[in-house]
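Peer 1: Model the structure of this input:
(4 chains)
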Amino acid sequence: MDFDLSKPQKLLKQSARDFLSRECKPERVRAAMATDTADDRALFTAAADQGWTSLIIPETYGGLGLGVVDLAVVAEEMGRACMPGPLFATIFASAAIVHAGTEEQKRKWLEPIAAGEMRATVALSNEFVLDAGVADLVLRFTDDGIEEVEGATFERTPAIDETRKLYRVDDRQSCLSEGRQDCLSSTIDIAAVALCAEMVGGMQWILDTTVAYAKTRQQFGRAIGSFQAVQHLCADMLLMTESARSATYNAAWEMTPLAVSIAKAYCSDAYREAANRGIQVHGGIGFTWEHDLHLYFRRAKASETMFGDATFHRERIASLVIDRQSSAAERSAEMLARSSSSK
Amino acid sequence: MDFDLSKPQKLLKQSARDFLSRECKPERVRAAMATDTADDRALFTAAADQGWTSLIIPETYGGLGLGVVDLAVVAEEMGRACMPGPLFATIFASAAIVHAGTEEQKRKWLEPIAAGEMRATVALSNEFVLDAGVADLVLRFTDDGIEEVEGATFERTPAIDETRKLYRVDDRQSCLSEGRQDCLSSTIDIAAVALCAEMVGGMQWILDTTVAYAKTRQQFGRAIGSFQAVQHLCADMLLMTESARSATYNAAWEMTPLAVSIAKAYCSDAYREAANRGIQVHGGIGFTWEHDLHLYFRRAKASETMFGDATFHRERIASLVIDRQSSAAERSAEMLARSSSSK
Amino acid sequence: MDLNLTPDEQSFRDEFRAWLQENVFEAKTVDELKRWQRTLFEGGWAGISWPKQYGGRGATLMQQAVFQEELALADAPQLIGVIGLSLVGPTIIAMGTDEQKARHLSKILSGEEIWCQGFSEPNAGSDLASLGTRALKDGDGFIVSGQKTWTSFAHIADWCLLLVRTDFEAPKHKGITCLLADMHAPGVTVRPLRMMSGDAGFNEVFFENVRIPSSQVLGKVNEGWTTAIAALMNERANLGTGVQVLFRRNLNALIARARSMNRSADPIVRQKLAQAYLELEILRMNTNRALTSLSKSGVPGPEGSTLKLYWSEMNQRTQQIAQEVLGQHAQLSDFDNGMWQYSYLRARGNTIEAGTSEIQRNIIAERVLGLPKSY
Amino acid sequence: MDLNLTPDEQSFRDEFRAWLQENVFEAKTVDELKRWQRTLFEGGWAGISWPKQYGGRGATLMQQAVFQEELALADAPQLIGVIGLSLVGPTIIAMGTDEQKARHLSKILSGEEIWCQGFSEPNAGSDLASLGTRALKDGDGFIVSGQKTWTSFAHIADWCLLLVRTDFEAPKHKGITCLLADMHAPGVTVRPLRMMSGDAGFNEVFFENVRIPSSQVLGKVNEGWTTAIAALMNERANLGTGVQVLFRRNLNALIARARSMNRSADPIVRQKLAQAYLELEILRMNTNRALTSLSKSGVPGPEGSTLKLYWSEMNQRTQQIAQEVLGQHAQLSDFDNGMWQYSYLRARGNTIEAGTSEIQRNIIAERVLGLPKSY
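Peer 2: Here you go, the predicted structure:
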């Protein structure tokens, strides 16, 4: 067993971090955030040039054909930089096309997405559609796959996370799909894992920023990081961040509904709690608009509920675990079976 | 408004504390606890001589005819001393007789209870009956009042709190009553408030004991009470203890189902959490059998579920508050009305 | 124990409520808000806690709580002169010179003078006593330079209760002086401080060689720390009664919303709403107990810390509950006018402003429980 | 990243599982438990982490984790010689003399010598380095007096890894020596220490003028602190893998019980059980990540503190959930043999034993995050 990123994955991560620290500085995030669309086209294109829109697109369709772990690696760094705009939505849409698209749809859409020429998103309902206003392609699930939402108008609904805008689809369209739960949920599970990875990256930024501040900020003649109250808040943040990371990478590797729900339920609570603690340690300065902490605090809240909040995923865990388990003995047998078989 | 004990209540409290610190030392609690019944007859009689079995019994029946606040005052001290045996059950039974008994039953039972000659308890179900093994009178609720459970056998069921024993009533009897919810719930509400008061007393003991220890115990060359981690655990304990006290005395004074459920829901969680923190601050010594902390830790757990746990009472609050409230405006009007009318 | 209002308290409530029904009006702009304070003043409802000889009403603590509650219940406008009324005025009454009293007190009551409080600095937050704003002796006065922050009302204030360092050799608590500073004096600039919730509730205030005459020292030179502590105690003791009714209104709206969204039959939602409800009720009870205790002792003590810790932590839990109960909608700026988004963001500041939770716990541990100092 | 077992790990698991199926038996008494360790030894399964030259198996960390898991899955008896196998043996191998190795190592493996660990004292708990057990030089040896506490297995131990103070002038970390103490020597008495859960899992050990020859110093005189730290690191790194399977079994039983009591359809109960389940799964993942990291770095570091903090706090939450889900029944001594009552009480010790949560957080803050020391 090797629960660690491979060398290529570590390189991918480092290059993503280098790229973002160069190209996606806080000033740029704030500039995008202040616009109506949070869309920084040049940043999107540069990221596409890094291959980020093509990560999980099969090579046949011009993609890199990488796995969800690799996607998580990049998403973690995106979350760490609080990257704005429609890149996340486009990756989400690419997963939908890969999992639910017809051969024709794949040929039509995946190549331009991989090339960074087309921005896309998925409407899971008529509300809360990510970045629909700047997407060239808005998808919805149908009873037997996916299709483009055509002739619709999208109205922006300002929300807590201003780095990724939400839109409402007009009422003439219905974006709810009851059928094809299989494609729908495997697509959402990929997106949820990518989101969890972003959340881990956000937690890491908050932890790093908070620890650095605690080492330098002086009160009562000492660095505040020498106060136990502050130390313990930071230690809890570390524990939450690392636990969220374990759950997320495990989910990316396993890609089972259970593993995904474990990750999303945990990350939903943990990102919010880490953001809370980060601001608390900073004190007044952490509560100002000027400090970047609140971008992460807002992203944490938006991410908490996206693709199902903790309550939703706990219920999904319950239905997978409690309802399936007929007796402790049976469950033990199952565990034995699992531990002896390889994936 | 005067949210403080009256002078007579303060005297009652002080005399209860003096009596218990003289007569109900930890050694005596432990001696009772080690027996099959946890019944210290002499202690019971001495407490009855203080008037504690007759507190809420009307003067007509030989009682003191005091109110629930006065009962709470005494119960708080009982809880502080972790007083063992059937006194609490007997007070509970006296409330049942006062609220649900016929004139004949009152004449028959209240006087000997007030005089300390009869010990009693109430079976709310066939399980978890407090001190039934040493009670002279075991009551149950019927469709139109209360009656004595006769000809039953009581089997002791050892449980976490060894200072008050639980019993099972044999299957030939049914101690569940579906009728007369009014008497039943007003009786249980009194008992629940008395229990909350005991819980507040227990929290106070833990707080006092823990703070005293934190002032003297030395580690790393200083009193552990100078470490912020310990300070903050103690501060939270104080806040919980005082909040539990506010809720309990408010309930004792108001005696509405809502006020009682607020108190019991809060105390159920708070006593457990205070006991947890008390042991944590003590470290290893707090985890030993020799230290008295675990008597309170066990009592906290037993009290948490008795007369409904926090989940039960939160649901009761919801049914009283959410279901009744038809709109915010209406509720505001109601609040206005309440604040302008006297009880 | 008697949790009913006394006849006096009740008639105070009835009288003020009746007055409010006649006189309350909507006010948003600074001019309107000043007019609202003037209206209160003319009705005899400004500075109700102040002694009668200074134009107050000599109200009891319980009456002050009733006053706050009624203001909130009537949806009355914010009290623009609140710093002057509850913090500066009482301190001038206790420690001011006759000249200072004559000059300021009636103007504070009438709302003619709006005050702010210049205590916190960028490098003196929790550790207030390490403040660095310097006041150098200059003839019959001081030349003040430095920066204050988190200063509510500074952008509209005429005066500031200012803490400065006057002795640079003394231990940090011993070299502080409390000044009455004219905000219109040359050298004073104010910059609004935008909070993460998006609004500018606070300001930064910069003092550049601002001259303040000695007649404007409140109390004695180098003994300003005592003044500051007394003022802060007042602030902490007051806070609970004001915010409570706002919390109540917020929770009522949440319950109504949960009902209208058909969420209130969900057992999990019910548990959460009930928990929010009971915690708020206990805030009310804790406040009433603290008021009773203060009424009897007369001196505001560390009870304020207990209340502040309770309500700030409570409101954060409750706003999280609101988010969970209302789901993604709660994050929108156009759902209920964005009130859930705003109250969630704003609540984050609760455990930091007016003394962090950590500082409150230290105070409780050391001053209530008598534990040794932690640093 | 590859979360599957490698072929080597898998075959190790298969081999041990097959061996267990053949050889495991029930054992309760000390004699039976010693026989169980001898059986493991004879099968080649004692000291699997030890180098082969000392009779071990040179197993990787991942194999050790598999070993612990399989023991628990097979319901194998407690390892009575666990202190010798996982703590004392590796330390003797690293720092012992040839004589010490020859004398003890094979007996530790065979279970002939049972060891205990004499570190904690009544006045040296979290602050271990302030220990006061005195060892005075006496010819070619030491005379030891003092008291140890929280000593598992002391009542049946033949030997003790003992920390004593040998230099009373030096700073507290510099005057400590590590001794191999014969528990049958004159002057040693053992008193069982009853825990609040009712059972005696620990002991107090009293040393009264116990003579220990110099040949029984492990490492160097006055450098025992380093030895102790290395031993504790081993303890912390090990703990997670063992307890995990026990937690899994406990949670399985809870879920089964909730089903049989018809509690598992209640939405509130489902939330709680799911939370317990996901937290336990994350413990498994955290442990596997830590094992991977340790396998690569080779040196046990502060990861152990993170795991210890996580599982101890987790188990307390989970045991509270068990109480809430099963209701009053969970408190009874005769419901499921009292397992819920016991595991609730026993869990209370988790955040205290083997380093309190406060100490773990300090370690994380200072050693992982690099924050300045708090005291």
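Peer 1: Name the residues of stretch A:256-272 that are buried.
Peer 2: Across stretch A:256-272, burial judged by 16 or more other C-beta atoms under 10 Å in any protein chain shown covers A:257-272. To be clear about C-beta, it is placed using only N, CA and C from the backbone, and glycine gets the same treatment.
Peer 1: just the residues you listed that are near chain D?
Peer 2: For chain D, the contacts drawn from those by C-beta under 8 Å from any C-beta of the partner chain are A:S261, A:I262, A:A265, A:Y266.
Peer 1: can you name the two of the residues you listed that are farthest apart?
Peer 2: Using C-beta to C-beta, the two most remote members of these are A:S261 and A:Y266, lying 9.4 Å apart.
Peer 1: Between those two, which contacts overlap?
Peer 2: D:L278 (C-beta atoms under 8 Å, 6 or more residues apart in numbering or on different chains).
Peer 1: Sitting in strands, which of the buried residues of stretch A:256-272 do you find?
Peer 2: Among the buried residues of stretch A:256-272, no member falls in strands (DSSP state E).
Peer 1: which one of those sits closest to chain B?
Peer 2: A:D269 (19.0 Å; C-beta to the nearest C-beta).
Peer 1: Quick check: that closest one touching A:A310?
Peer 2: Yes: counting by C-beta atoms under 8 Å, A:D269 does reach A:A310; the two are 5.2 Å apart.
Peer 1: quick one: common contacting residues for the two?
Peer 2: With C-beta under 8 Å, 6+ apart as the test, A:D269 and A:A310 both reach A:E304.
Peer 1: which parts of the stretch 251-375 of chain C sit against chain D?
Peer 2: Residues of the stretch 251-375 of chain C lying close to chain D by C-beta under 8 Å from any C-beta are C:D266, C:P267, C:I268, C:Q271.
Peer 1: what would those look like in a markdown table with neighbour count?
Peer 2: Shown next, in a markdown table, are those (neighbours: other C-beta atoms under 10 Å in any protein chain shown):
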| residue | neighbour count |
| --- | --- |
| C:D266 | 16 |
| C:P267 | 16 |
| C:I268 | 18 |
| C:Q271 | 21 |
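Peer 1: now, which of these lie within helices?
Peer 2: Mapping these onto helices (DSSP state H) picks out C:P267, C:I268, C:Q271.
Peer 1: what separates the second one from A:V321, distance-wise?
Peer 2: Going from C:I268 to A:V321 by C-beta to C-beta, to the nearest Å gives 18 Å.
Peer 1: can you check the last one too?
Peer 2: As judged by C-beta to C-beta, C:Q271 and A:V321 stand 21 Å apart.
Peer 1: Secondary structure element for residue 22, which one?
Peer 2: I went with chain A, as the question did not name one. helix A:7-23 (DSSP states H and E).
Peer 1: um, chain C though
Peer 2: Assessed by DSSP H and E, C:E22 sits inside helix C:7-23.
Peer 1: And for the residue lying closest to C:F16 once chain neighbours are set aside, the neighbour number?
Peer 2: Of all residues beyond its chain neighbours, the one nearest C:F16 is C:E70 (5.1 Å), with distances taken as C-beta to C-beta, 6 or more residues apart in numbering or on different chains. Neighbour count for C:E70, taken as other C-beta atoms under 10 Å in any protein chain shown: 23.
Peer 1: on contacts alone, who are the packing partners of whichever helix or strand C:E70 is part of?
Peer 2: For C:E70, the element it lies in under DSSP H and E is helix C:61-73. Where contact means 3 or more C-beta pairs under 8 Å, 6 or more residues apart in numbering or on different chains; DSSP states H and E, helix C:61-73 is packed against helix B:328-340, helix C:7-23, helix C:224-260, helix C:267-297.
Peer 1: For the ones you listed, could you give me JSON lines that also reports mean pLDDT?
Peer 2: As requested, the helices and strands packed on helix C:61-73 are exported to JSON lines (pLDDT from 0 to 100):
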{"stretch": "helix B:328-340", "mean pLDDT": "43"}
{"stretch": "helix C:7-23", "mean pLDDT": "97"}
{"stretch": "helix C:224-260", "mean pLDDT": "83"}
{"stretch": "helix C:267-297", "mean pLDDT": "94"}
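Peer 1: how far out from the middle of the chain is the longest strand along chain A?
Peer 2: Ranked by number of residues, the top strand in chain A under DSSP E is strand A:137-142. When distances are taken as C-alpha atoms, centre = their mean, to the nearest Å, strand A:137-142 is centred 19 Å away from the chain's centroid.
Peer 1: Now do it, average pLDDT.
Peer 2: Averaged over strand A:137-142, pLDDT sits at 94.
Peer 1: before we move on, what about stretch C:343-358?
Peer 2: Across stretch C:343-358, pLDDT averages out at 95.
Peer 1: got the buried residues for that stretch?
Peer 2: For stretch C:343-358, a neighbour-count test (16+ other C-beta under 10 Å) marks C:343-358 as buried.
Peer 1: Could you list which of those also contact chain B?
Peer 2: Checking the buried residues of stretch C:343-358 against chain B (C-beta under 8 Å from any C-beta), the matches are C:E358.
Peer 1: what two of the buried residues of stretch C:343-358 are the furthest from one another?
Peer 2: Among the buried residues of stretch C:343-358, C:S343 and C:E358 lie farthest apart (C-beta to C-beta), at 23.2 Å.
Peer 1: domain assignment for chain A?
Peer 2: By the record's domain assignment, chain A is partitioned as A:7-179, A:182-325 (automatic domain parsing).
Peer 1: can you list the weak-confidence ranges in the stretch 101-250 of chain C?
Peer 2: Residue ranges of the stretch 101-250 of chain C with pLDDT under 70: C:234-240, C:242.
Peer 1: Please identify which helix or strand holds C:G47.
Peer 2: Assigned by DSSP H and E, C:G47 belongs to neither a helix nor a strand.
Peer 1: So it sits against C:L85, correct?
Peer 2: Yes: the pair C:G47 / C:L85 is scored as a contact, 5.4 Å apart, by C-beta under 8 Å.
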